[in-house]
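**Student:** Next input, structure requested:
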Amino acid sequence: MTIGAGSESDVFDVIVLGGGPAGENAADYAIAGSDRTAVLVEHELVGGECSYWACMPSKALLRPGQVLGAARHMPGVAAKVAAHGVDVADVLARRDAFTSGRDDAAQVEWARGAGIDVVRGHGRLSGPCEVTVDGPQPRRLRARHAVVVATGTTAAVPDLPGLRAARPWTSRDATNLQQVPRRAAIVGGGVVACEVATWLRELGTEDLTMLVRGERLLARTEPFAGDAVAAALREHGVRLRFGTTVAEVSRPDVADTGVGRLHGGPVRLRLDDGGDLEVDELIVATGRRPATADLGLDAVGVAGDGPLRTDDHMTVDGTDGRWLYAVGDVTGRTALTHMGKYQGRVCGDVIAARAEGRDLDAPRYRASADHGQVPQVVFTVPEVAAVGRTAAGARADGLDVEVLEVDIAVAGSALARDDFTGRAALVVDRATDTVVGATFVGTDVAELLHAATVAVVGAVPLETLWHAVPAYPTVGEVWLRLLESRRR
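**Tutor:** So this is what the prediction gives:
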């Protein structure tokens with residue numbers, strides 16, 4: 001769709017709402033190697049949630065504890081570090097270095113260097129190919145080819161009596177903490193909750209409780225993965241209360257003290273089983289909701305009360321014409337930065353192809369990896385790395401599967417640390433004899449994941465994998481043990 005005449009400075013080929021990694025990729029791929037123009041509209045920081053409040057700060061907080069844990073279990077090193085913990089001030093300073101102190105100047109410089117303009121303010125659709133920006137200098141932008149929604153998600157805080165008034169921490173507070181609470185409770189048992197529990201204990205929280213509505217941690221992974229993380233957290237003094245929900249929250253002395261600071265006096269929790277709990281800070285990690293509420297979607301006939309559903313070209317369902325796209329967490333397809341960036345690349349390529357009149361038959365123009373091929377790492381201790389379907393998920397999809405499962409006990413794991421424990425599993429589709437899912441649990445198993453991802457995406461038969469020889473002595477030799485378990 002092409003628009004009519006207007007102020008040339010406010011006309012772009014591509015407008016992207018949201019300047020996070022997914023939006024940046026969509027803009028970059030849509031204009032790369034051409035004379036097309038693009039603009040990012042961002043009301044917070046260019047670089048998005050991942051750069052300042054999620055992936056980067058959380059992994060910066062987790063890594064020092066992982067390094068220290070490995071050193072404590074390495075003869076010749078352990079005696080030197082056994083009595084020492086992490087230096088909290090240095091850990092926080094390193095975290096702040098990775099987030100540039102929440103200064104997005106470098107990200108803006110990158111965008112402009114790539115030929116992408118940046119407009120500050122909140123953008124909303126005011127018609128087909130038209131965006132109105134509320135900001136320091138209100139503007140009306142028009143797109144020649146496409147508008148891409150890449151606004152991500154926001155933390156979901158349940159509507160429980162007293163909870164919101166108590167100003168609990170969300171993930172943004174937890175990743176940007178300035179004060180380490182002595183006593184804390186985490187509501188939730190998913191990825192964010194488990195990672196927050198891991199770094200809070202390492203940074204010095206003495207009394208930590210996880211309140212989990214379900215019966216295990218990391219419910220979307222293979223059961224042995226959540227069980228291993230639960231055992232490790234318990235070993236480090238974290239109390240896990242499964243089948244528990246919060247009935248009421250009170251905090252008489254509450255204040256807005258800033259991100260990552262204790263928001264006033266003690267928090268008192270009444271639980272559904274009648275028990276009580278008092279903590280210095282409460283962290284809510286109960287999921288996220290798509291940021292679609294104030295985007296003007298109704299102006300173009302799209303519902304704005306949930307995720308933006310798309311086809312595999314990343315075109316929004318139900319729109320008239322091929323001009324409105326969505327990428328990243330806002331789509332509800334998969335809430336992972338690397339998958340959002342992947343969708344952004346596909347989306348940008350599709351926009352470029354349509355602008356140049358090319359057909360979309362090539363696989364690069366379809367986001368197929370979202371369907372049963374998604375890789376993810378949970379950076380707990382131990383790490384959990386998984387790709388594709390779990391055994392239960394594969395069976396629910398109607399596949400007849402075989403599960404190959406072994407302990408990670410090879411020369412490489414023994415050399416990595418004296419107390420290495422871990423487990424690995426492959427989910428194999430009997431009909432095609434290919435891997436449709438893989439899970440690894442143990443120290444640094446994230447480095448095993450991409451090989452599994454290639455096997456799943458490439459539908460590599462097990463008889464072919466038998467000739468992919470793992471180097472000795474590496475932890476990757478567990479691949480050989482998994483395949484041997486099938487041959488016996």
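**Student:** only C-alpha atoms for contact and neighbour calcs from this point on.
**Tutor:** OK.
**Student:** Grab the longest strand from this protein for me.
**Tutor:** Counting by DSSP state E, the longest strand found in the chain is strand 139-149.
**Student:** mind checking how far it is from the chain centre?
**Tutor:** From the chain centre to the centre of strand 139-149 is a distance of 27 Å (Cα atoms, centre = their mean, to the nearest Å).
**Student:** do stretch 285-302 as well
**Tutor:** Taking mean C-alpha positions (Cα atoms, centre = their mean), stretch 285-302 and its chain are 19 Å apart.
**Student:** same check, this time on stretch 279-288
**Tutor:** Chain-centre distance of stretch 279-288: 17 Å, with Cα atoms, centre = their mean.
**Student:** Tell me the buried residues in it?
**Tutor:** Residues 279-287 are the ones in stretch 279-288 that count as buried (16 or more other Cα atoms under 10 Å).
**Student:** swap in stretch 245-262?
**Tutor:** 245-247, 249-251, 254, 259-262.
**Student:** about what we covered before: among the buried residues of stretch 279-288, pick out the one closest to residue 456, please.
**Tutor:** Of all the buried residues of stretch 279-288, residue 456 sits closest to residue 287, with 27.5 Å by Cα to Cα.
**Student:** now residue 17: how far from residue 298?
**Tutor:** Distance, residue 17 to residue 298, using Cα to Cα, to the nearest Å: 16 Å.
**Student:** Around the residue nearest to residue 405 when sequence neighbours are not counted, how many other residues sit close by?
**Tutor:** Of all residues not flanking residue 405 in the chain, residue 425 sits nearest, at 4.2 Å (Cα to Cα, 6 or more residues apart in numbering). The local packing of residue 425 (other Cα atoms under 10 Å) involves 24 other residues.
**Student:** tell me what the one helix or strand residue 425 maps to is packed against?
**Tutor:** According to DSSP states H and E, residue 425 maps onto strand 423-429. In terms of contacts (3 or more Cα pairs under 8 Å, 6 or more residues apart in numbering; DSSP states H and E), strand 423-429 is packed against strand 401-407, strand 434-442, helix 478-487.
**Student:** going on from the first one, what's the next piece of helix or strand?
**Tutor:** With elements assigned by DSSP H and E, the helix or strand that comes after strand 401-407 is helix 411-416.
**Student:** and if you look at the second one?
**Tutor:** Following strand 434-442 in sequence order, the next helix or strand is helix 449-457 (DSSP H and E).
**Student:** who's in contact with that next one?
**Tutor:** 369, 373-375, 385-388, 434-438, 440 (Cα atoms under 8 Å, 6 or more residues apart in numbering).
**Student:** which residue is nearest the middle of this structure?
**Tutor:** residue 336 (3.6 Å; Cα atoms, centre = their mean).
**Student:** Confirm for me that it is in contact with residue 327.
**Tutor:** No. Assessed by Cα atoms under 8 Å, residue 336 is found out of contact with residue 327, at 11.2 Å.
**Student:** can you give me the strands in the stretch 301-450 of the chain?
**Tutor:** 324-326, 375-378, 383-388, 401-407, 423-429, 434-442 (DSSP state E, counting those that start in this stretch).
**Student:** Could you list the buried residues of stretch 169-186?
**Tutor:** 169-178, 180-186.
**Student:** ok, now stretch 406-426?
**Tutor:** The neighbour-count check on stretch 406-426 (16+ other Cα under 10 Å) flags 406-410, 412-414, 416-417, 420-426 as buried.
**Student:** where does the protein have low pLDDT?
**Tutor:** 1-9, 488 (pLDDT under 70).
**Student:** run the last query once more with 50
**Tutor:** The chain contains residues with pLDDT under 50 at 1-6.
**Student:** Tell me if I am right that residue 210 is in a helix.
**Tutor:** No. Residue 210: not assigned to a helix; according to DSSP: H, G, I helix; E, B strand; the rest coil it is strand.
**Student:** How much space separates it from residue 74?
**Tutor:** When distance is defined by Cα to Cα, residue 210 is 30 Å away from residue 74.
**Student:** And those two? Which one has more around it.
**Tutor:** Neighbours were counted for residue 210 and for residue 74 using other Cα under 10 Å; residue 210 has more, 23 against 15.
**Student:** Can you tell me how far the more buried one is from residue 285?
**Tutor:** Residue 210 is 10 Å from residue 285, by Cα to Cα.
**Student:** got it, and residue 213?
**Tutor:** Distance from residue 213 to residue 285, by Cα to Cα: 12 Å.
**Student:** Overlap of the contact sets of these two?
**Tutor:** Counting by Cα under 8 Å, 6+ apart, the residues touching both residue 213 and residue 285 are 188-189.
**Student:** Let me see the contact set for residue 147.
**Tutor:** Per Cα under 8 Å, 6+ apart, neighbours of residue 147: 14-17, 129, 323-325.
**Student:** what bridges to it?
**Tutor:** residue 15, residue 324 (DSSP bridges).
**Student:** ok, it to residue 42 distance?
**Tutor:** For residue 147, the distance to residue 42 - Cα to Cα - is 14 Å.
**Student:** and for these two, which residues touch both?
**Tutor:** residue 17.
**Student:** Please name the residues that touch the nearest residue to residue 149 once chain neighbours are set aside.
**Tutor:** With Cα to Cα, 6+ apart as the criterion, residue 149 has its nearest non-adjacent residue at 4.5 Å, and that residue is residue 326. Each residue near residue 326 by Cα under 8 Å, 6+ apart is listed here: 148-150, 308, 310, 314-316.
**Student:** rewinding a little: mutual contacts of residue 210 and residue 285, please.
**Tutor:** Common contacts of residue 210 and residue 285 (Cα under 8 Å, 6+ apart): 186-189, 193.
**Student:** of all those residues, which two lie farthest apart?
**Tutor:** Spatially, the most separated pair among the shared contacts of residue 210 and residue 285 is 186 and 189, at 8.3 Å (Cα to Cα).
**Student:** Go ahead and name everything in contact with stretch 350-366.
**Tutor:** Applying Cα under 8 Å, 6+ apart, the external contacts of stretch 350-366 come out as 29-31, 145-146, 312-314, 346-347, 349.
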